[in-house]
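# Sharing a model that was predicted from the sequence below.
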Amino acid sequence: MLLTGLDRLLADAGRLAGRRYGLLAHAASLTAGCEPAHLALAASGVVAPAVLFGPEHGLHGAEQDMVPAAGGREPWTGVPVRSLYGESAESLRPEPGAFEGLDLLVVDLQDVGARWYTYAATAVWAAEAALAAGCEVWVLDRPNPLGGEVVEGNLPAAGMESFVGAFRLPVRHGLTLGELVRLEAGRRGWADGAVGVWEVAGWLRGERWGDAARWRRPWPVPSPNMPSVATALVYPGTCLVEATEVSEGRGTARPFEQVGAPWVDPVGLAGRLGERGLPGVRFVPVYFRPQSHKHAGELCGGVALAVTDGAAFEPYRTGVELLAALRASSPGDFAWRRRPYEFEVDRPAIDLLTGGEECRRAVDSADRAALEAWIGSWTADEAAFRDERRPALLYPGAAGDDGGGAGVAGDGGAGGDGGAA
């Protein structure tokens, strides 16, 4: 049976005795029995969280993308809630004063393994502020649903940091949130032992969500437009469509799994993509009508991604090829997003997501050689990152990329070997 860091903490809840702690969590912070973390901790008979912190989409996952999340009081428990996603970039980084009166921050967020998924930035920035306030930090780890062995994509250029690219990672980084915090702890020079990771019991890093029989857990829906593990699988590629005026499927039952716009010819786009011979995926011509977000109420032509081999599928490369095909098939209508994107107004959203200008310039110029050269450059970045991340790994995997060298935070002292992701 697979046990998350939350499950293991609840089995050893006495470790919270005498602590005044805050909990950073969201709607996917569930026990093996599907009980929300803050309720399970309150019912543990030891001590309930003193403060609840919510990331983007809010503590209960009720808000859509780029909508400020409310604070106030949690309706079931009356515990104060502080939002770490407000109306400005400044709201994303809590001040140390937000942790006044606490001696511990517990972080339990389900990540999906893509550089631009914002929970990792919130976790690291909250941990940094909590440490500055004199708090200890525990991360209750959860599996990476895409698995932990495959690394895909370029490292962002210097100066391209943002909320959707806060750290120097490939797009598909193959880390759990606990490992990612450990990696950043080492980069930032945090004191050894300041951050402890309660590891997942029973997870092997080569496993994707649901691969093994012991994964008898429903998908926890970490954000409103991540309704299934199938969505998470394509997200490291199709999220790039957010940087265009093409719909990424928000406002439909299949966000990120289908993309399109009123001017797109579905059959033509599917045929153009099919000619690329991309591994593990087929492109189905579709029509859909978003009920919200881009092109709400309009009939959109496009394609749905049908992943036929999850092990062979390369989501980021597929997303880049999708942009190139959309631009080539509708050159007069295709446009990059110009509206603010996660509080950024001066830099194109596509540059923030891809970590530089190379993709945008190659797509705009229809320069196939330049695009292929950029994609080919990922290999060196991937190799460099695999080397850098190795000390932060916690879970066993392929030869030469094994984790497990840091000990288990839940055994013999949370954080004893957990500070370095």
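Cool, got the structure. Numbers count the residues shown, from 1 in each chain.

# Can you name the secondary structure element that comes next after the lowest-mean-pLDDT helix or strand in the chain?
Ranked by mean pLDDT, DSSP states H and E, the helix or strand of the chain with the weakest confidence is strand 72-73, at a mean of 86. The first helix or strand that comes after strand 72-73 along the chain, using DSSP states H and E, is strand 80-83.

# Now that next one: average pLDDT?
Taken as a whole, strand 80-83 carries a mean pLDDT of 92.

# Quick check: the gap between the residue most central in space within the chain and residue 329.
The centre of the chain sits closest to residue 117, judged by C-alpha atoms, centre = their mean, with a distance of 3.1 Å. Remark: distance between residue 117 and residue 329 (C-beta to C-beta, to the nearest Å) = 29 Å. C-beta coordinates here come from the backbone N, C-alpha and C atoms, glycine included.

# Pull up the per-residue confidence for residue 264.
98.

# residue contacts, the closest residue to it other than its chain neighbours?
Computed as C-beta to C-beta, 6 or more residues apart in numbering, the closest residue to residue 264 that is not its neighbour in sequence is residue 301, at 4.2 Å. Residues near residue 301 by C-beta atoms under 8 Å, 6 or more residues apart in numbering: 260, 261, 262, 263, 264, 265, 266, 269, 285, 286, 287.

# run the last query once more with 10 Å
Listed by C-beta atoms under 10 Å, 6 or more residues apart in numbering, the contact partners of residue 301 are 260-270, 285-288, 330.

# Would you mind listing which of those are buried?
Among those, those scoring as buried are 260, 261, 263, 264, 266, 269, 270, 285, 286, 288, 330 (criterion: 16 or more other C-beta atoms under 10 Å).

# which one among those residues gets closest to residue 70?
residue 288 (30.9 Å; C-beta to C-beta).

# Show the pLDDT at that closest one.
For residue 288, pLDDT reads 98.

# my read: it touches residue 248, true?
No - assessed by C-beta atoms under 10 Å, residue 288 is found out of contact with residue 248, at 11.3 Å.

# How many residues are close by residue 178?
By the other C-beta atoms under 10 Å criterion, the neighbourhood of residue 178 contains 31 residues.

# Which stretches in the stretch 201-350 of the chain count as strands?
258-261, 281-288, 300-307 (DSSP state E, counting those that start in this stretch).

# The ones you listed: which one's closest to residue 185?
That would be strand 300-307 among those, by C-beta to C-beta, at 33.9 Å.

# Okay, angle between that closest one and strand 281-288 too, please.
150 degrees (axes from the mean of the first three to the mean of the last three C-alpha atoms, to 10 degrees).

# Strand 300-307 pairs with which strands, parallel or anti?
Strand pairing for strand 300-307, determined by DSSP bridges: strand 258-261 (antiparallel), strand 281-288 (antiparallel).

# buried sites along that strand?
Buried, per 16+ other C-beta under 10 Å, within strand 300-307: 300, 301, 302, 303, 304, 305, 307.

# Output it as PDB - backbone C-alpha positions only.
The C-alpha trace of strand 300-307 is given here as PDB (Å, rounded to 0.1, in the frame of the first residue of the first chain):
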ATOM      1  CA  CYS A 300     -13.900  26.000 -31.900                       C
ATOM      2  CA  GLY A 301     -12.200  23.600 -34.200                       C
ATOM      3  CA  GLY A 302      -9.100  21.800 -33.000                       C
ATOM      4  CA  VAL A 303      -7.600  18.500 -31.900                       C
ATOM      5  CA  ALA A 304      -7.800  16.300 -28.900                       C
ATOM      6  CA  LEU A 305      -4.600  14.500 -27.800                       C
ATOM      7  CA  ALA A 306      -5.000  10.800 -27.400                       C
ATOM      8  CA  VAL A 307      -2.000   9.300 -25.600                       C
END
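
# what about that strand, average pLDDT?
The model assigns strand 300-307 a mean pLDDT of 98.

# coming back round to it: make TSV from the strands paired with strand 300-307 and add distance to residue 141 to it.
Below are the strands paired with strand 300-307 laid out as TSV (distance: least, C-beta to C-beta, whole Å):
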stretch	distance to residue 141
strand 258-261	32
strand 281-288	30
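
# Which one of these lies nearest to residue 147?
Between the strands paired with strand 300-307, strand 281-288 lies closest to residue 147; by C-beta to C-beta that is 16.7 Å.

# is it true that residue 24 touches residue 126?
Yes - applying C-beta under 10 Å, one finds residue 24 in contact with residue 126, separated by 5.5 Å.

# ok, the two, which is more surrounded?
When residue 24 and residue 126 are compared for neighbours, residue 24 comes out ahead with 30 against 26, by other C-beta under 10 Å.

# And the pLDDT for that one?
98.

# Pull up the pairing partners for the helix or strand where it lies, direction included.
For residue 24, the enclosing helix or strand under DSSP H and E is strand 21-25. Using DSSP bridges, strand 21-25 pairs in its sheet with strand 51-54 (parallel), strand 104-108 (parallel).

# Would you indicate which residues of it are buried?
21, 22, 23, 24, 25.
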